[in-house]
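Visitor: My questions concern the predicted model and sequence given below.
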Amino acid sequence: MRAVVVSKWGGPEVLVETDVERPEPGMGEVLVRVRAAGVNPVDWKTRESGALIPWGPVPAVGWDVSGTVEAVGPGVTLYRAGDEVYGMPRFPQQAGAYAEYVTAPARHFARKPASLDHVQAAALPLAALTAWQALVDTAAVSAGQRVLVHAAAGGVGHLAVQIAKARGAYVIGTASAAKHDLLRELGADEVIDYRTTDFEDVVSDVDVVLDAIGGDYGQRSLKVLKPGGHLVTLPGPDGIPADTRGVHAAWVLVEPDLAGLQEIAALVEQGLLKPLVDTVLPLEQAAKAHEIGEQGRTTGKIVLTVA
């Protein structure tokens, strides 16, 4: 089968298309024919050094998948050949979504939302599960709470805005001014231009902060949180301040999650969650997809199509 792999650690140019042996599903696994694969920042971060995940004998990249079940392994009853599924298989272990086929435990996938095509569905799993596990599983966002989402127009951010809104929260987002109208369409109640305004000067009494940026954003976010509020950081544990000043602080590493994918699909079918796709490229242009992503200017997600 065709697959994009890392020839050596480095820039986008190290991504090469090659032929590799098609995997076979083991016990409890499914073989999925990939129709589209989402691109995420973790993809290029691991491509640069390989330091973030355990690599197999062939360093293959990518985790977001939407496709069709080709075959099921022994013991699988959730799916059968022909079912359309989406998911984030094996994360943070190697999955190799930039390929014609992937295998993974059956419960790393869920049925694809019927209202989405494969490109749209491939934009969801890693980013939407990250937002869901941060806001719902970790911070337990509920109706009437105030939620601040940093990088609100990004891959995780634009989904977090919608998830928080669907749970009845008052949502505040930080983004460049050009993206404010879009964020209001997605449900943001208040939007702050981070280029002209320090959010801590204009925001207060927040119940939950979702920090997808890192650096000093965690420390600054403490100033706007209520006592007992939640600071959830995504880039890594270094984003958690040493003194959390009476708030709950956590770093979330997203996990494969059938129940979460089902909840996300339900929001999609209710019209409460819509993935934004910024750029669509064929599999053989994976290097270009990484080049675009690393510029940090995309709104929503980049997706690769697999013929």
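Guide: Received, thanks.
Visitor: Most distant residue from the centre of the protein?
Guide: Distance from the C-alpha centroid of the chain, by CA atoms, centre = their mean, peaks at residue 74 (29.9 Å).
Visitor: contacting residues for that one?
Guide: Contacts for residue 74 (CB atoms under 8 Å, 6 or more residues apart in numbering) come out as 27-28. No exception for glycine: its C-beta is placed from N, CA and C like everyone else's.
Visitor: Please apply the same query to residue 103.
Guide: With contact set as CB under 8 Å, 6+ apart, residue 103 has these partners: 23-26, 29-32, 73, 89.
Visitor: ranges for the helices of this protein?
Guide: Counting by DSSP state H, the chain has helices at residues 41-49, 118-122, 125-132, 157-166, 180-186, 199-202, 217-221, 258-269, 286-294.
Visitor: quick one: which of these is nearest residue 144?
Guide: helix 157-166 (11.6 Å; CB to CB).
Visitor: Just the CA atoms from the closest one would do, formatted as PDB, please.
Guide: Provided in PDB are the C-alpha atoms of helix 157-166 (Å, rounded to 0.1, in the frame of the first residue of the first chain):
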ATOM      1  CA  GLY A 157      -9.900  26.000  19.600                       C
ATOM      2  CA  HIS A 158     -12.700  26.300  17.100                       C
ATOM      3  CA  LEU A 159     -14.100  23.000  18.300                       C
ATOM      4  CA  ALA A 160     -13.700  23.900  21.900                       C
ATOM      5  CA  VAL A 161     -15.700  27.000  21.400                       C
ATOM      6  CA  GLN A 162     -18.600  25.000  20.000                       C
ATOM      7  CA  ILE A 163     -18.400  22.200  22.600                       C
ATOM      8  CA  ALA A 164     -18.500  24.800  25.400                       C
ATOM      9  CA  LYS A 165     -21.400  26.600  23.800                       C
ATOM     10  CA  ALA A 166     -23.300  23.400  23.400                       C
END
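Visitor: now it against helix 125-132, angle please.
Guide: Helix 157-166 and helix 125-132 are oriented at 40 degrees to each other (axes from the mean of the first three to the mean of the last three CA atoms, to 10 degrees).
Visitor: which helices and strands does helix 157-166 pack with?
Guide: In terms of contacts (3 or more CB pairs under 8 Å, 6 or more residues apart in numbering; DSSP states H and E), helix 157-166 is packed against helix 125-132, strand 146-149, strand 170-175, helix 180-186, strand 206-211, helix 258-269.
Visitor: So which of the ones you listed is nearest residue 80?
Guide: Here helix 258-269 is closest among these (CB to CB), at 16.3 Å.
Visitor: Please compute how far that closest one lies from its chain's middle.
Guide: Chain-centre distance of helix 258-269: 14 Å, with CA atoms, centre = their mean, to the nearest Å.
Visitor: Repeat that for stretch 82-99.
Guide: 13 Å.
Visitor: Which positions within it qualify as buried?
Guide: By neighbour count with 16 or more other CB atoms under 10 Å, stretch 82-99 contains the buried residues 83-92, 94-99.
Visitor: how many neighbours does the residue nearest to residue 254 when sequence neighbours are not counted have?
Guide: Among residues not flanking residue 254 along the chain, residue 130 sits closest, at 4.4 Å (CB to CB, 6 or more residues apart in numbering). By other CB atoms under 10 Å, the residues close to residue 130 number 26.
Visitor: can you pull the contacts of residue 130?
Guide: Contacts of residue 130 by CB under 8 Å, 6+ apart are 156, 234, 252, 254.
Visitor: What's the separation between the second one and residue 240?
Guide: Think residue 234. 11 Å (CB to CB, to the nearest Å).
Visitor: Have a look at those two and say which one is more surrounded.
Guide: The neighbour comparison of residue 234 against residue 240 (other CB under 10 Å) goes to residue 234, with 23 against 16.
Visitor: Cross-check the contact I'm expecting between that one and residue 210.
Guide: Yes - applying CB atoms under 8 Å, one finds residue 234 in contact with residue 210, separated by 7.4 Å.
Visitor: hey, what's in contact with both of the two?
Guide: Residues touching both residue 234 and residue 210 by CB under 8 Å, 6+ apart: 134, 156.
Visitor: Rebuild the helices and strands packed on helix 157-166 as TSV, extending it with distance to residue 162.
Guide: Shown next, in TSV, are the helices and strands packed on helix 157-166 (distance: least, CB to CB, whole Å):
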stretch	distance to residue 162
helix 125-132	8
strand 146-149	10
strand 170-175	9
helix 180-186	5
strand 206-211	12
helix 258-269	7
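Visitor: Just give the closest residue to residue 225, not the sequence neighbours.
Guide: What sits nearest to residue 225 in space, not counting adjacent residues and going by CB to CB, 6+ apart, is residue 247, at 4.8 Å.
Visitor: show me the contacts for that neighbour.
Guide: Residues near residue 247 by CB under 8 Å, 6+ apart: 222, 225-231.
Visitor: Please consider this matter closed, and thank you.
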